[in-house]
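In: pasting a predicted model and its sequence here:
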Amino acid sequence: MTNTTTKVAVLGGGSFGTVLANLVAGNGISCALWMRNEQRAAEVMNSRENAEYFPGFILDKRLNITSNFDEAIEDAELIIMAVPSSAYDTVCSQLEQRISRNTLILSTAKGIRADGFRLMSEVIQEHLPHNPVGVLSGPNLAKEIADNQYTATLVASASTEVVEASQTALASPTFRVYAGDDPQGAELAGALKNIYAIIAGITGSMQLGQNTVSMLITRSLAEMCRLASELGAEPMTFMGLAGVGDLFVTCTSPLSRNYRVGQALGQGKTLEQAVAEIGQTAEGVATLKTVYDKAQELGVRMPLVDGLYRLIYEHVEISEIITSLMTAQQATDVEHKVKGI
Ligand SMILES: NC(=O)c1ccc[n+]([C@@H]2O[C@H](COP(=O)([O-])OP(=O)(O)OC[C@H]3O[C@@H](n4cnc5c(N)ncnc54)[C@H](O)[C@@H]3O)[C@@H](O)[C@H]2O)c1
Ligand SMILES: O=P(O)(O)OC[C@H](O)CO
């Protein structure tokens with residue numbers, strides 16, 4: 001797909017799918033937004049508003065919203081996956097036998113499948129081994145994109161076709177799309193930061209100072225890099241939009257659902273209550289256990305992940321966790337430094 005792009009399909013009509021599809025349609029490119037619920041799709045199509053997620057945000061009149069999967073993907077050169085990571089296997093299996101090998105796929109979910117520690121691009125490739133795949137990751141709060149706040153993102157792929165097609169489809173005067181060549185790092189960064197956003201939400205509810213927030217973000221970044229470099233990703237990816245960029249926005253904005261889960265936990269609610277209260281996808285909840293298990297398996301030091309795990313699953317008091325985070329034996333050698341930063 002080049003500047004002559006003819007059709008894009010966005011699968012998943014929640015917050016992110018809606019704003020991405022609207023960006024594509026706004027660029028004058030034929031775009032179908034697929035929502036699985038027939039009645040909802042009809043309502044959004046007729047009212048031009050996805051009232052469940054963005055009341056008052058009027059969608060581009062050229063955007064087609066449909067619950068008909070075949071209609072949505074027919075002739076699409078680029079398919080943008082915007083369902084949560086938990087739905088990837090289901091939706092990818094629906095694509096099998098229905099799309100050509102040339103169809104480009106862009107993954108936007110920020111999660112990791114627990115079974116086999118599979119990244120979303122890996123799930124796609126398992127179902128669609130011949131299709132070129134890329135990942136989009138960065139500081140991209142959907143509400144701010146809908147409000148046309150200046151935003152940048154990263155599309156990382158081994159396929160220049162996917163990068164170019166994504167730039168053509170999504171870039172606008174308020175949405176800048178950078179190219180990257182470390183999809184594994186971009187995906188890991190996007191998924192890992194959700195865990196730290198939950199911790200930031202907890203500290204937010206405790207009204208701790210900016211020194212504390214800054215320490216948390218910095219220590220989070222070091223932990224993320226340690227695990228990612230152990231898994232073979234490029235640490236420098238974490239210095240960019242998908243790493244520190246997304247970590248910063250998600251750890252500081254109550255628009256982040258993961259941050260809000262943390263706020264609710266900090267107010268004494270249970271995890272179940274917190275998740276129910278948000279009512280939308282907060283990938284960090286499932287990612288926490290997946291990453292905790294992986295860090296244990298690989299022997300990677302992740303004290304913040306350990307602390308959140310102990311708080312949620314072992315019901316250890318927050319004060320005890322903070323004390324252990326602040327008084328743990330300090331490294332005096334370079335062993336604990338992250339390679340590359
Ligand atoms: N919202 C954001 O600001 C944002 C930004 C960047 C990335 N993301 C990522 O995008 C992914 C999707 O998140 P979201 O914010 O759109 O979530 P959301 O909760 O707002 O919406 C998810 C949508 O997916 C639909 N869905 C769930 N299972 C499905 C299935 N099996 N088939 C079809 N549809 C299904 C739901 O009905 C819902 O409409 C997440 O991994 C998230 O981390 C979100
Ligand atoms: O609402 P969250 O916590 O899923 O965060 C949304 C995006 O990932 C921010 O880049």
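Out: Structure received. Ligands and ions are numbered 1, 2, ... in the order given.

In: does any bit of the strand or helix carrying residue 189 sit next to ligand 2?
Out: Assigning secondary structure by DSSP states H and E places residue 189 in helix 183-205. Yes: Helix 183-205 reaches ligand 2 (CB under 6 Å from any ligand atom) through 194, 197. The way it works is simple: take the backbone N, C-alpha and C, and place the C-beta from them, glycine included.

In: so is that helix next to ligand 1?
Out: No: counting by CB under 6 Å from any ligand atom, ligand 1 has no neighbours in helix 183-205; the shortest distance is 6.9 Å.

In: chain center to that helix: distance?
Out: Distance, stretch centre to chain centre, for helix 183-205: 9 Å (CA atoms, centre = their mean, to the nearest Å).

In: what mean pLDDT does it have?
Out: Averaged across helix 183-205, pLDDT comes to 98.

In: then it to PDB, C-alphas only?
Out: The C-alpha coordinates for helix 183-205 follow below in PDB (Å, rounded to 0.1, in the frame of the first residue of the first chain):
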ATOM      1  CA  PRO A 183       8.900  -4.700  17.000                       C
ATOM      2  CA  GLN A 184       9.700  -7.000  19.900                       C
ATOM      3  CA  GLY A 185      11.000  -4.100  22.000                       C
ATOM      4  CA  ALA A 186       8.000  -1.900  21.000                       C
ATOM      5  CA  GLU A 187       5.600  -4.600  22.000                       C
ATOM      6  CA  LEU A 188       7.300  -5.500  25.200                       C
ATOM      7  CA  ALA A 189       7.500  -1.800  26.200                       C
ATOM      8  CA  GLY A 190       3.700  -1.300  25.500                       C
ATOM      9  CA  ALA A 191       2.700  -4.300  27.600                       C
ATOM     10  CA  LEU A 192       5.100  -3.800  30.500                       C
ATOM     11  CA  LYS A 193       4.400  -0.100  31.100                       C
ATOM     12  CA  ASN A 194       0.800  -1.000  32.100                       C
ATOM     13  CA  ILE A 195       2.000  -2.800  35.200                       C
ATOM     14  CA  TYR A 196       3.900   0.400  36.300                       C
ATOM     15  CA  ALA A 197       0.900   2.500  35.500                       C
ATOM     16  CA  ILE A 198      -1.100   0.500  38.100                       C
ATOM     17  CA  ILE A 199       1.600   1.200  40.700                       C
ATOM     18  CA  ALA A 200       1.600   4.900  39.700                       C
ATOM     19  CA  GLY A 201      -2.100   5.000  40.200                       C
ATOM     20  CA  ILE A 202      -1.700   3.500  43.700                       C
ATOM     21  CA  THR A 203       1.000   6.100  44.600                       C
ATOM     22  CA  GLY A 204      -1.300   8.800  43.000                       C
ATOM     23  CA  SER A 205      -4.100   7.900  45.400                       C
END
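
In: in it, what's buried?
Out: 183-205 (16 or more other CB atoms under 10 Å).

In: give me the mean pLDDT for the helix or strand following it.
Out: Sequence order places helix 210-230 as the next helix or strand after helix 183-205, per DSSP H and E. Helix 210-230 comes out with an average pLDDT of 96.
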